[in-house]
Structures are given as structure tokens and as C-alpha cells.
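K.L.:
Model the structure of this input:
(2 chains)
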Amino acid sequence: MTDTAPDLDRLRGGTPPRNHDARTIAALTSNPGCARRGVMDAAGVDKDSVARHLGFASPFGQSQFAITRGNVFEAQVKAEGCAELITLLRDRLGLAVPEVAYDDLEVVAGNEGRELRHARTRRLIARALESGEGTLFDHPLLRLDIAGQAAYLEPDVIAFQFEGRFHIIEIKSFAVIDGQAEPEQVAAAARQSAVYVLALRRLMGELGHDPGRVSHEVFLVCPENFSNRPTATPLDVRPQLAVLERQLARLTRIDTILDALPDDLSFEPGEDLAEAVRAVDARYAPDCMASCEMAFYCRDEARACGATGALGRSVRDDLGGVDSVGTALALADGSLDPSADLAETAAQLRTAARLRSEALDGAA
Amino acid sequence: MSTAPDVLEARITELRAAVRRAVSGGDRRAARELRAELRQAESDWDDAVLGEGAGGLSGADALEAGPEEAVHVRDTGSSGLGRGEAARPSGAGSAELSVVGDTRASGSSRRGMLPVREQVHQALTLLGAPAAPKLIGSVYSAFFPGEVAGTRLTSLRRDEERSFRTAPYARPYYLCAALTADLLAPARGMLTVSTWPLEQRIAGPLSPRTDFLTAAIRVAEHAGRGGARPAASVQRLLWRFASNIPGAATGTVGTVDPADLMEAARAELDVHREADARQRARAAERARAQLDDAERLFGSRLRAMRRAAGDGRAGGPGPAPGGPTASVRSATHGEDER
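P.N.:
Take a look at the predicted model:
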């Protein structure tokens, strides 16, 4: 795991590594098959600047309004020693009245250094594990080893100790209306929380305690209905955890991908950058747009070579084995004879083509 | 006292114009005399409108003043802007005058007559516990005339610290930081008053809650005084407390009986009080032993802990110049004692 580090440093080409955050780690799990993203993330390459250099700067980012809204809601929930949050937890979980301790780990004595914050997080959590002291830990700074590189997770969560078990509380500003929230948002929150759960479990392990003391159930605190009142929803993140663990295990085997790459490959900005990026296979899907800085470049590439993935993940899965749109069309109109393993797909494509022409004839 | 406020107001306006003329004309002596007259007129106005002893403007006075007077206060507040301006053009011409203009201007924004630090002091005195600027703002606007300018609050603590370090104990009170119980560092975003006992200014793990409950009791006490039904803004404030204290919200949603709130808050406070007091006392003891005067008020930061006081401590939080290892070591001091 550590012997890939020099290779990864070379890939990055002299620039300091970019740290992962829960967002990037969560994004990794949404497209595990993408070698390009895997390699670049493992090396801590600044994908944004690479994409910009290639002429595919991503024009978006998170909306400033969304960020402000999120911060305001979080501040409201956490005001006066998390008064609203404590009320919620008492209501929903029967948190005992004496359990109100609140430790702010965001700043250590006016200092925001990461090592310092992490050291303090460790100390307080170790103490909580041993003596049960402490209830709410705001902004713990956690660490996760990713491809041999320690990534600090800038967390926007509260670790919450309840009857000897730790839970992650994630405060999000999208509304839960009549018990329902936007599934995409919830899924994204679950993926992010899973990263924190995993990092907290690793920390427990390092401290010599049972990682199982971190619950797989996280609490999502969101505004209720159309009001600003917070509500808490338990969220089971076991599936996300499983994906994440698998993906992280896969990430540490990044050396196998590296072995297949030329020895002098580097993503340093320069004339050879495009060449270097093309040398690593990507697996573009439209969902990449939401999470990956390289998405515009990969989309362009996928469209140029007519990859079926550009039409969406389900299309690619339906056309299993047929890589390009051109091949699919040729199979459909019978101009290309399918090999044995594609016979079934080809038959379905022909049926689809026949149905389509019939429908169009009927309309005419 | 006998003069009607309207007459006084006209006179104040007149005098202000005269001061400005004198200053721009370079006649400093006349300006000084006129200003003295102006101050007298303003204080007469205070007496006429707000009653005796309005300079202190205690909470009860302000409450009795009621909404009508509150409007008046805002009115003169807005013309008070002129007061600040009057002093400003003087620039270097009259250093003395510009100093007055400076201190006055802080309070003479539209939001009320008092300087921000006094507004904050009043709100904090009412609350009796360390509080975040947001709570201070809502308490002030609920019980006192005018509003606290939120933007001025951000630099307040730093200004106070600077003032204390240049001339220690020159002011009767300072608005200072709450100290975290473990590291005796300034707690984020909490304001306190320097005249409070050190224990009251310590923020341990339980303190946010006990402070919240203490504040609830004090606010309810204050609101319940007089027996009349509290104003809408006070009700909103009470509800904010009551909705987060078990057993406090007895009536319909949004209305709170101050007596019920007080009782519920006291009941919960009894649960936490002892443990919290213990932590506070221990931390306060350490603070007395380890910190110098300024640090006791404004907290010790990890960076530059043993360095010269002059190296811009007031510059706000920033990365420690001493490496992380040094900081980690000093971060552990006192941690075990918690």
C-alpha cells in the first residue's frame, strides 16, 4: 500500500496533494469502475485544474445560496448549546435530561490546525469511550487512510454518544415534507455520513475499542415540512458502508491499475497532459456530472467515440458487451453479424428496431 | 426638565449646526462651548423623555418607556448620525473633537442612542450568563428600545481587548470572552462581562446548557415583572426558550407563561448545576493560577502564549506561528484536570 506512494507522487507531478473530503470519497463510491478517477483521486491530483487545463473547466460549484441556507439552518439548530438538537434527541430517543454535555472541536484554543484538532478529537473520544463522559461532539476532525495517504475529513457533523454508542448526526437544509425528502439528496447525505461512520469506526479501532460502538444508524436533521423547525430521521447507512469499504479496499489495490500504465506518466499541466489523461480509462456516466470535476472532459470523450455509457448507466447495462453506439446500430439493422456472446443482445436490438420502424410507419 | 421635548429637539438641531459651522470655521473654542451646550441639551432631552437617571437606562426604565418612547429614541438616534458626521469633517483639525465623535458615533447609529458596548452590557446583565451575539441581539430588541447593530458585534471583543491592553482597567467594565474550561481559551462567539465572577465566565461541556437555562430563568423573570401580558417580541423570545425546555411550554403553541418557564428551567438546571459548578470552579482556579489579567479576561490562545504581548494578539484567530508539535504539547496542559 505504501510502495505505490512514489508512483502516486510522480503522477501528481510536484504539486501538493489535495485532501479528500467526505464529498470526494462519497463520489468515489458512486462510480467504482472508473480507473481515471480512481488513479487521480488516489494520487491527490487537482482534477479541477487538470480539467481546466484541458479546456473543460466545470462552470458550476455549489450554489452560494444553498451554502448560506445550509449554514443558517445549522447555526439555528446548534444555537445555545444545541438547544433545538437536544430537544429533538430527547423527544425521539429519550435522551436523559443530564446528557447535555457539548464539546466544540472546531477550534482548539483559537487554533484551527488539523493535527491539533485531530489530536483533541482523539483525546475526547477516547475519554468518552472509557468513562462515558460527553454527549455531543461538534465538528470532530477525523482521518481516513486512502491509498496510503491520510485524508482529513472536514466534517459537518456532530458525533453523538448515547448509551455507550456513537451516532453521527448530519444537519442538512433540504426539507423533509410529510416524512418524505428528495431521494437524491438523502442518498447523497447517506453516502457522506457513511464516510464519517467509517472514519469514526477506524478511530475506535485505533483506540483499541470495538468499532461496532459506532452505530450504522445516522441521524439526519432537516427542516420539517415548510417550517424551519428541525426534525430528525434515522437513516441506515449499512449499504453505503459496504460499498464504501469495498471501494476503499479497491483503492488500496490501485497499484494494479498503476502497473498497467506507462512508467513516465504524469498529470502535471503541460503539453502531454491530454495524452496522459487519455492513457487511463474512464467510465463516464451522466451521473458523473454531479460529482466529478473531470466530467465535462469525459463526456466529450465518450460522445466522440460513441460510448454507450454517455446515454446513461441503464443503457450501458442493457447493452452489456456492446461498447459503442455505432456497433449497437449496426447490430440492430443487421449490417453486422453478432458474435456468439452478443447474439441475445443483437436479437433484442433487432426486435427494438423492428418495433420502432413499425411504430413510425403507423404514424406516417 | 420643564422644557418640552419638541423645543429641546429643535435646540439640539440648532446647536449641532452651530457646532459644525464652528468646526469648519476653525474656531475651536467656540466649538467646545457649543458642544458643552449641546450635551446639556441632549441630557435635558433624555431626562424629559426617558425620566430621571436615563443615562444608566436600566432594564426596567426602558421597559416602562414602552413603545411610544422607543420610537422617540430611534428618532433622535437617526439625527444622531448627524452628530457623528459633525465631528468627522474636523479630521485632524481637532483631535479632541474627533475622539468624541468616535465614541459617540458607535452608539449613534439608527439603532439607538447607546454605544453598542453598552447595549450588549445591558443585555448580558439581564441574561446573567455568557451569550452568543444572536441571543444578545434578540434579548436587546425584545426588552430595550432599538436594536443592536449585528455588524458591530463582530469586532467588539477585539476592540475591548485592544483597549484593555493599552490601558488596563480604564473602563468600569469590559466585554470579554467566556473561557473554555479545558484550555482556558476564548470560547467561540460567546460574550461576557468582565465584572462577573470568573466561574460565571467559564464554559465547560455542561455550561452551554446551564447558561441557556439561566438565561431562560432571567428572561422569564424579567418578562413576568409587572404582570401585564408580555409584548409580542418578548413572547417570541420566551417561546424560543420554552420550546427547548421540557415541561416549559404548557399553553398553546407560541404562548408562554413566564412562571411555568421559570419553574421548568429551574427544574432542569437543578439536574446540571452541581456537576457544572464543579467543572467551573476547577477551571476558574486554574485560570487564576496560570493566567495574567488580560488573559483572564480575554482567554489565552495557543499561539504566542509565552511571547511578547505586543505581537498583535488582537489580530484574531489564525494559524499558530509555533509549529503544530509545540501547540499540541501546550494544548494538553490542563486537559487531564477536567
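K.L.:
all contacts plus neighbour counts: C-alpha atoms, from now on.
P.N.:
OK.
K.L.:
how about low-confidence regions in the chain?
P.N.:
Unless you meant another one, I'm taking chain A. For chain A, residues meeting the criterion pLDDT under 70 lie at A:1-6, A:19, A:59-62, A:109-112, A:147-149, A:251-253, A:363-364.
K.L.:
that answer is for a different chain, and I need it for chain B
P.N.:
In chain B (pLDDT under 70), the answer is B:1-3, B:51-113, B:227, B:302-338.
K.L.:
now the strands for it?
P.N.:
Assigned by DSSP state E, chain B shows strands spanning B:175-180, B:186-193, B:202-203.
K.L.:
Those: which one's closest to A:F226?
P.N.:
Nearest of the strands of chain B to A:F226, taken as Cα to Cα: strand B:186-193 at 29.4 Å.
K.L.:
so A:E170 sits in a strand?
P.N.:
Yes: secondary structure of A:E170 (DSSP: H, G, I helix; E, B strand; the rest coil): part of a strand.
K.L.:
Now do the top helix by length along chain B and strand B:175-180, the angle between them.
P.N.:
Assignment by DSSP state H gives helix B:258-290 as the longest helix of chain B. Orientation check (axes from the mean of the first three to the mean of the last three Cα atoms, to 10 degrees): helix B:258-290 against strand B:175-180 gives 80 degrees.
K.L.:
among the strands of chain B, which is the most enclosed?
P.N.:
Ranked by mean neighbour count, these are led by strand B:202-203 with a mean of 30 (mean count of other Cα atoms under 10 Å in any protein chain shown).
K.L.:
Pairing partners for it, with directions?
P.N.:
strand B:175-180 (parallel) (DSSP bridges).
K.L.:
Okay, helices next: where are they in the stretch 51-200 of chain B?
P.N.:
B:59-87, B:95-107, B:116-127, B:133-143, B:150-166 (DSSP state H, counting those that start in this stretch).
K.L.:
now for the third one, which elements pack on it?
P.N.:
Other elements packing on helix B:116-127 under the criterion 3 or more Cα pairs under 8 Å, 6 or more residues apart in numbering or on different chains; DSSP states H and E are helix B:133-143, helix B:150-166, strand B:186-193, helix B:207-224.
K.L.:
Could you save the ones you listed as a markdown table and add columns showing distance to chain A?
P.N.:
Output for those, formatted as a markdown table (distance: least, Cα to the nearest Cα, whole Å):
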| stretch | distance to chain A |
| --- | --- |
| helix B:133-143 | 8 |
| helix B:150-166 | 13 |
| strand B:186-193 | 7 |
| helix B:207-224 | 5 |
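K.L.:
hmm, back to that, the longest helix of chain B vs chain A: in contact?
P.N.:
Yes: looking at helix B:258-290 against chain A by Cα under 8 Å from any Cα of the partner chain, the contacts come from B:268, B:271-272.
K.L.:
Out of those, which end up buried?
P.N.:
B:268, B:272 (16 or more other Cα atoms under 10 Å in any protein chain shown).
K.L.:
so A:T135 touches A:Q161, yeah?
P.N.:
Yes: contact criterion Cα atoms under 8 Å: A:T135 and A:Q161 qualify, at 4.9 Å.
K.L.:
How about A:A22: what's its closest non-neighbour residue?
P.N.:
Nearest non-adjacent residue to A:A22, counting by Cα to Cα, 6 or more residues apart in numbering or on different chains: A:Q192, 5.4 Å away.
K.L.:
repeat for A:L349
P.N.:
A:L349's closest residue in space is A:A332 (Cα to Cα, 6+ apart), at 4.9 Å.
K.L.:
Within range of chain B, give me the residues from chain A.
P.N.:
Counting by Cα under 8 Å from any Cα, the residues of chain A that sit close to chain B are A:80-81, A:83-84, A:86-87, A:97-98, A:100-103, A:107-113, A:115-116, A:119, A:134.
K.L.:
which one of the residues of helix B:258-290 next to chain A is nearest A:R10?
P.N.:
Looking across these and measuring by Cα to Cα, the closest to A:R10 is B:H272, at 56.3 Å.
K.L.:
surely the closest one meets B:P208?
P.N.:
No: if you go by Cα under 8 Å, B:H272 and B:P208 don't touch, sitting 10.9 Å apart.
K.L.:
what separates A:G70 from A:V176, distance-wise?
P.N.:
Note on A:G70: its distance to A:V176, by Cα to Cα, to the nearest Å, is 14 Å.
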